[in-house]
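Visitor: Build me a model:
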Amino acid sequence: MALLPFACLGIGILVGVFNRSKRFLGVSDRVATVSLILLMATIGTNIGMNESIMSRFSNIGFNCIVISISTILFSVMITYCFERTLLPLEEIDKDLKLRKLSLENHLLDELQEIDSQASNEKKITGLVWIMPSSILFGLLFGFLLRKKLEGFDVNFIFTIFLIILYICVGINQGSNREVFLFIKELGFKVIWLPVAILAGSLIGGIVSGILLHIPFNVSVMSAAGMSFYSITGAYMTQAYGVEIGTYGFLVNVLREFFTILFMPILIKISKGSPIAGGASGNMDTMLAPVTKFVGAELGLVTLITGTILTFLVPLLLPALYAIQQ
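Guide: Purely as a prediction, here's the structure:
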């Protein structure tokens with residue numbers, strides 16, 4: 001199990017590096033979308049079939065709310081400290097505005113293409129709504145047909161969809177090399193922002209685990225998803241079972257929800273605070289709303305941050321799992 005994410009991601013990254021045609025990447029995106037929907041429906045079915053989880057669903061929901069808010073809070077706090085020391089985003093914003101016309105045209109074109117793809121993909125597929133709907137459909141399906149599904153190997157189907165999803169995520173990461181050109185253009189100091197968000201998320205997971213009296217493998221690992229709810233929910237379900245996997249999904253869906261809800265407050269704290277809330281979601285779902293608040297120039301930083309964190313999450317989860325064994 002520990003090697004599964006690395007093997008699948010490695011295969012996907014190699015494929016993505018050597019095959020970057022738009023047609024191939026479009027097919028990969030569609031396959032990922034379908035497997036993701038079916039994966040979430042499978043998780044929902046597992047939840048619905050489990051009487052213990054269904055009887056305590058409200059308690060699990062409350063815990064997930066606390067963990068998600070904690071991850072946002074501590075990510076914002078550490079990001080704010082970094083902005084005052086290592087990463088002056090206000091200065092970077094001004095510098096980008098001054099240098100905008102001097103940036104190489106092909107870099108700007110590539111950024112606009114990636115930005116457009118990321119935003120339009122979410123608008124077209126509506127994954128923000130389809131994902132929870134898939135979970136709810138699976139939950140009702142599992143609950144209503146619990147007796148008929150007894151003995152059915154849902155976990156085998158789950159593993160197949162998980163492997164497909166990991167490979168597709170790897171393809172997306174391998175094909176997205178332009179982001180590293182943006183890092184070079186803006187300066188490597190922008191990497192401090194994902195570092196701050198990662199540290200804040202982990203601290204939020206630890207603190208919420210202590211407050212809620214729940215194991216760290218639940219609170220810290222779900223917090224480490226940093227809004228990458230599909231991979232986090234799937235991995236935690238595979239590693240620990242459906243109840244803990246529910247945390248992985250809900251915590252990270254709620255992180256995006258609360259970030260959007262509190263966006264007007266976050267932008268008043270600092271330029272980096274909305275980016276800190278969006279975390280890995282800044283690569284796709286959260287890119288448009290966050291950029292709307294921080295400005296087009298810092299949209300570059302937002303995209304880079306989301307891409308780095310999206311790349312880290314599938315590697316971080318197995319590492320945390322290994323540490324806790």
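
Visitor: shouldn't L254 be in contact with C64?
Guide: Yes. L254 lies in contact with C64 (C-beta atoms under 8 Å); the separation is 5.8 Å. Backbone N, C-alpha and C define where each C-beta goes, glycine included.

Visitor: what about the two, which has more around it?
Guide: C64 (25 against 22; other C-beta atoms under 10 Å).

Visitor: mind checking which helix or strand the more buried one is in?
Guide: Element membership for C64, per DSSP states H and E: helix 57-83.

Visitor: From the contact counts, what lies against that helix?
Guide: helix 192-212, helix 216-223, helix 242-261, helix 263-269, helix 272-278 (3 or more C-beta pairs under 8 Å, 6 or more residues apart in numbering; DSSP states H and E).

Visitor: how far is the last one from where the chain is centred?
Guide: Right, the one you point to is helix 272-278. 13 Å (C-alpha atoms, centre = their mean, to the nearest Å).

Visitor: by contact count, what packs against that helix?
Guide: By 3+ C-beta pairs under 8 Å, 6+ apart, helix 272-278 packs against helix 57-83, helix 192-212, helix 242-261, helix 263-269, helix 287-294, helix 296-323.

Visitor: Dump it to PDB, restricted to CA.
Guide: Extracted C-alpha coordinates of helix 272-278, given in PDB (Å, rounded to 0.1, in the frame of the first residue of the first chain):
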ATOM      1  CA  GLY A 272      -1.100  35.900   1.200                       C
ATOM      2  CA  SER A 273      -4.000  34.900   3.400                       C
ATOM      3  CA  PRO A 274      -6.500  33.900   0.700                       C
ATOM      4  CA  ILE A 275      -3.700  31.900  -1.000                       C
ATOM      5  CA  ALA A 276      -3.000  30.200   2.300                       C
ATOM      6  CA  GLY A 277      -6.600  29.200   2.600                       C
ATOM      7  CA  GLY A 278      -6.900  27.800  -0.900                       C
END
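
Visitor: which other residues reach that helix?
Guide: 72, 75-76, 78-80, 82-83, 87, 89, 193, 196-197, 200, 227, 255-256, 258-259, 262-263, 266-267, 282, 286-287, 289-290, 293-294, 298, 301-302, 305-306 (C-beta atoms under 8 Å, 6 or more residues apart in numbering).

Visitor: neighbours around L86, how many?
Guide: Neighbours of L86 using other C-beta under 10 Å come to 12.

Visitor: so how far is L36 from F57?
Guide: 22 Å (C-beta to C-beta, to the nearest Å).

Visitor: Those two: who's more crowded?
Guide: The residue with more neighbours, out of F57 and L36, is L36; 23 against 15, by other C-beta under 10 Å.

Visitor: The more buried one contacts L165, correct?
Guide: Yes. The criterion here is C-beta under 8 Å, and L36 meets it with L165 at 5.9 Å.

Visitor: low-scoring pLDDT stretches of the stretch 101-250 of the chain, where are they?
Guide: By pLDDT under 70, the low-scoring segments of the stretch 101-250 of the chain are 101-129, 131, 150-153, 173, 176-187.
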